[in-house]
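In: Output the structure for:
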Amino acid sequence: MQYNQSPGDGEQASPPPPKPFTLVQHNCLRSWDVFLSLFGSFSQLALPPSIGALQDPPVYRGKLPSINLFTVFSPPSDRGCKPRVAFYVYRSFLDSVSLLPRFFGRGDVMALDPFTTDRVFNPSTTGFTIINSYSTKGRRNNTCSVPPDIVFPASSLPTLTLGDLNIHHPTADLVRVFKEDAIATSSPYFDRATEMGFTLLKVPGIFTRFSISHIGRPGVIDLAFACPLLPPYFTEWTDPLPSTASDHIPILRFEAPLFRAPPPVPNWALTDWPMLESSLKATLISPAPPIPTTLLIDIWFRTNLDRITAELTLHTPVKRVTFRSKPW
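Out: I've put the predicted structure just below:
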């Protein structure tokens, strides 16, 4: 959608601010106290997260707890398999998207595909994928329960994959000395991520898990990776929420203006060319610096370009909005 000014308006209409997309990731240790503490802490934010991606949530009789203002999506608890991951989606966010939950026949991983009427991250796509996994020690040595090809799939949609993978790797924890079995377990995941073009979003070396007994060494096992289309939209990795009594901190806040409207497009057919020509002739272009350097030339060029752009904007209205408006 584009925001416009009608030809008869005296001033250009400014677009409303983009609706932010925020995602919080947390391991709840299967504890109701941790779960309630996490959602209670959202009151300290300006807006609740769009999506909460939880690992090891509390489950009672195969069902996850409901929470006011959120809708829960989780793997089905059939065959005695309890959900080990869940998405809690803020209901106001549901008004702007359509969601497709996807399951893999297991309780420790699921995907959520939000789709919008606007282009998301890519001019050719209106959706993206979030994969949430909780991987534990596998039955065989040097393996984990969720295979790397599920965590890092080939996908036509922009993909964010996150979770408590329970793996240790020098890429995520730079100063730690790792044992050979830890490298053997984690390398297939980081190798697969590299092969599929995923980038680690988290700041290396920032701990995400602290031992409750304060005896064990802190670790970096809560991770997030993004396909090449997503990192430009990644705003920050931070821990804005207080402790929830879990040994994991609520570490991920992924922000992107999913619904940012493209900038208004000039309607050149309605430009007041006679007035513009007169204004451009009267516009003073400052002389180039006598001793040119890269910095001085850049400042000189930017200053004069801004003057010309201001005149063009002043005498050119923007296109009128319709639901068929395109971003060019």
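
In: how about the helices in the stretch 51-200 of the chain?
Out: 91-94, 148-151, 180-195 (DSSP state H, counting those that start in this stretch).

In: Can you pull the poorly scored residue ranges out of this protein?
Out: Low-confidence segments of the chain (pLDDT under 70): 1-20, 79-80, 117-125, 203-206, 208-217, 231-243, 245-264, 320-328.

In: and the end-to-end length of stretch 82-96?
Out: Distance across stretch 82-96, first residue to last, is 30 Å (CA to CA, to the nearest Å).

In: To clarify, my last question referred to stretch 88-104.
Out: Criterion CA to CA; first-to-last residue distance in stretch 88-104 is 18 Å.

In: centre of the chain versus that stretch, how much separation?
Out: 15 Å (CA atoms, centre = their mean, to the nearest Å).

In: And that stretch, what's buried?
Out: By 16 or more other CB atoms under 10 Å, the buried positions in stretch 88-104 come out as 88-90, 93, 97, 99, 104. Glycine gets a C-beta too; all of them are placed from N, C-alpha and C.

In: Looking at the residues you listed, which one is closest to Leu54?
Out: Tyr88 (6.6 Å; CB to CB).

In: Output the helices of the stretch 51-200 of the chain in JSON lines, with distance to Trp268 appended to each entry.
Out: Formatted as JSON lines, those follow (distance: least, CB to CB, whole Å):
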{"stretch": "helix 91-94", "distance to Trp268": "37"}
{"stretch": "helix 148-151", "distance to Trp268": "48"}
{"stretch": "helix 180-195", "distance to Trp268": "45"}
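
In: Out of the ones you listed, indicate the one that is most buried.
Out: Counting by mean count of other CB atoms under 10 Å, helix 148-151 has the highest mean neighbour count of the helices of the stretch 51-200 of the chain, with a mean of 19.

In: all helices for the stretch 201-328 of the chain, in order.
Out: Going by DSSP H, counting those that start in this stretch, the stretch 201-328 of the chain shows helices at 273-282, 294-314.

In: Tell me which of the ones you listed approaches Phe21 most closely.
Out: Comparing the helices of the stretch 201-328 of the chain by their distance to Phe21 (CB to CB), the top pick is helix 294-314, with 29.5 Å.

In: among the helices of the stretch 201-328 of the chain, which is nearest Phe115?
Out: helix 294-314 (34.1 Å).

In: how far off helix 273-282 does that closest one point, in degrees?
Out: For helix 294-314 against helix 273-282, the angle by axes from the mean of the first three to the mean of the last three CA atoms, to 10 degrees is 150 degrees.

In: Of all the residues in helix 294-314, which ones are buried?
Out: Those would be 300, 311, for helix 294-314 by 16+ other CB under 10 Å.

In: With just CA atoms, put it into CSV.
Out: Taking Å, rounded to 0.1, in the frame of the first residue of the first chain, the C-alpha atoms of helix 294-314 are listed here in CSV:
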residue,chain,number,x,y,z
THR,A,294,36.4,11.9,-0.3
LEU,A,295,34.6,13.3,2.8
LEU,A,296,34.3,16.9,1.5
ILE,A,297,33.0,15.7,-1.9
ASP,A,298,30.4,13.5,-0.3
ILE,A,299,29.2,16.3,1.9
TRP,A,300,29.1,18.7,-1.0
PHE,A,301,27.2,16.3,-3.2
ARG,A,302,24.7,15.3,-0.5
THR,A,303,24.0,19.0,0.4
ASN,A,304,23.2,20.0,-3.2
LEU,A,305,21.2,16.8,-3.9
ASP,A,306,19.0,17.5,-0.9
ARG,A,307,18.3,21.0,-2.2
ILE,A,308,17.2,19.7,-5.6
THR,A,309,15.2,16.8,-4.1
ALA,A,310,13.4,19.3,-1.8
GLU,A,311,12.3,21.3,-4.8
LEU,A,312,11.1,18.2,-6.7
THR,A,313,9.1,17.1,-3.6
LEU,A,314,7.6,20.5,-3.1
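
In: and of the helices of the stretch 51-200 of the chain, who's closest to Ile285?
Out: Closest to Ile285 of these is helix 91-94 (CB to CB; 48.3 Å).

In: how about the nearest residue to Arg307 once chain neighbours are set aside, what does it touch?
Out: Using CB to CB, 6 or more residues apart in numbering and skipping residues adjacent in sequence, the residue nearest Arg307 is Thr283, 5.6 Å away. Listed by CB atoms under 8 Å, 6 or more residues apart in numbering, the contact set of Thr283 reads 307-308, 311.

In: Thr283 and Asn142, how far apart?
Out: Distance, Thr283 to Asn142, by CB to CB, to the nearest Å: 69 Å.

In: What of Ala53?
Out: The spacing between Ala53 and Asn142, counted by CB to CB, is 27 Å.

In: out of the two, which sits in the busier spot?
Out: Comparing Ala53 with Asn142 by neighbour count (other CB atoms under 10 Å), the higher total belongs to Ala53, at 26 against 15.

In: wait, doesn't that one sit right on Ser74?
Out: No. Look at Ala53 against Ser74 with CB atoms under 8 Å: they stay out of range, at 11.2 Å.
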